[in-house]
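[1] Give the three-dimensional model of this entry:
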Amino acid sequence: MRQAITTKFHSPTNTRGARVTARADAGSVSVPWNHAHGIERNHTAAARALVEKLGWGGEWHGGGLPGAGYVFVCADTASCFTAEG
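    Numbers count the residues shown, from 1 in each chain. The predicted structure is shown next:
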């Protein structure tokens, strides 16, 4: 099954710092916001972390969504997902 990855920024709270979550049907991951990087690079880092966590490969491309967040899709589906994904 093909899956897209969506990312979303979360503002800091009293107990957690700023972070970006990356989600797909197969799972999710949250990574801390890196203030040394720009917005796009932070969202890309979260998507890459999810790809690594799920054991996916392939060439991923992303872009901004209207309103907020980003979406990432795999360009070569033959090499993007494991048998479980």
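
[2] Could you tell me which ranges of the chain sit under the pLDDT cut-off?
    Along the chain, segments meeting pLDDT under 70 span 1, 77, 82-85.

[3] Where do the strands of it begin and end?
    5-10, 19-24, 27-32, 60-64, 70-74 (DSSP state E).

[4] can you put these in a markdown table and add distance to residue 38 and mean neighbour count?
    In short, each C-beta sits where N, CA and C put it, glycine included. Shown next, in a markdown table, are the strands of the chain (distance: least, CB to CB, whole Å; neighbours: other CB atoms under 10 Å):
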| stretch | distance to residue 38 | mean neighbour count |
| --- | --- | --- |
| strand 5-10 | 12 | 20 |
| strand 19-24 | 12 | 21 |
| strand 27-32 | 15 | 16 |
| strand 60-64 | 12 | 14 |
| strand 70-74 | 12 | 19 |
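
[5] give the contact list for residue 19.
    9, 10, 30, 31, 32, 33 (CB atoms under 8 Å, 6 or more residues apart in numbering).

[6] now the strands of the chain in a markdown table, with distance to residue 50?
    Below are the strands of the chain laid out as a markdown table (distance: least, CB to CB, whole Å):
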| stretch | distance to residue 50 |
| --- | --- |
| strand 5-10 | 6 |
| strand 19-24 | 4 |
| strand 27-32 | 5 |
| strand 60-64 | 10 |
| strand 70-74 | 9 |
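
[7] measure residue 71 to residue 62 for me?
    Residue 71 sits 6 Å away from residue 62, going by CB to CB, to the nearest Å.

[8] ok, and the closest non-adjacent residue to residue 12?
    Closest residue to residue 12 apart from its sequence neighbours, by CB to CB, 6 or more residues apart in numbering: residue 18 at 4.6 Å.

[9] For the most centrally placed residue in the chain, which non-adjacent residue is closest in space?
    Nearest residue to the geometric centre of the chain (CA atoms, centre = their mean): residue 47, 2.2 Å. Nearest non-adjacent residue to residue 47, counting by CB to CB, 6+ apart: residue 72, 4.4 Å away.
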